[in-house]
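Student: Turn this into a structure:
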Amino acid sequence: MTATELHGFLHGLPGVDQVGAEERAARLAARSIKTSAKAEAIDLAISMVD
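Tutor: Residues are numbered from 1 along each chain as shown. Alright, predicted model coming up:
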């Protein structure tokens, strides 16, 4: 894939809205999963934010 194709692909993706991201984070935080797994998932999500 060329840089131009990659650029076009990335700009064609839908954006992330603040409300949706906050709702998803709240659902993740409320799930009944091990604390260590939850912390890892939150760390991963934060590392993906530009």
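Student: rest of the way, CA atoms for contacts and neighbours
Tutor: Fine.
Student: residue boundaries of the strands in this structure?
Tutor: Using DSSP state E, the chain contains no strands.
Student: shaky segments in this structure?
Tutor: For the chain, the stretches flagged by pLDDT under 70 are 50.
Student: ok, now with 90
Tutor: 1, 10-18, 20-21, 24-25, 27-42, 49-50 (pLDDT under 90).
Student: Spatially central residue in it, please.
Tutor: Ala45 (5.0 Å; CA atoms, centre = their mean).
Student: Against Leu13, how distant is it?
Tutor: The spacing between Ala45 and Leu13, counted by CA to CA, to the nearest Å, is 18 Å.
Student: likewise Arg31?
Tutor: Taken as CA to CA, the span from Arg31 to Leu13 is 28 Å.
Student: Next: Arg27.
Tutor: For Arg27, the distance to Leu13 - CA to CA - is 23 Å.
Student: what do you get for Val49?
Tutor: 15 Å.
Student: Residues in contact with stretch 15-31: which ones?
Tutor: Contact with stretch 15-31 is made by Lys38, Ile42, as judged by CA atoms under 8 Å, 6 or more residues apart in numbering.
Student: Could you shift the numbering so residue one becomes 42, and keep it that way?
Tutor: Noted, 42 is the first residue going forward, which turns the last one into stretch 56-72.
Student: Run the chain-centre distance for it.
Tutor: A distance of 9 Å separates the centroid of the chain from that of stretch 56-72, by CA atoms, centre = their mean, to the nearest Å.
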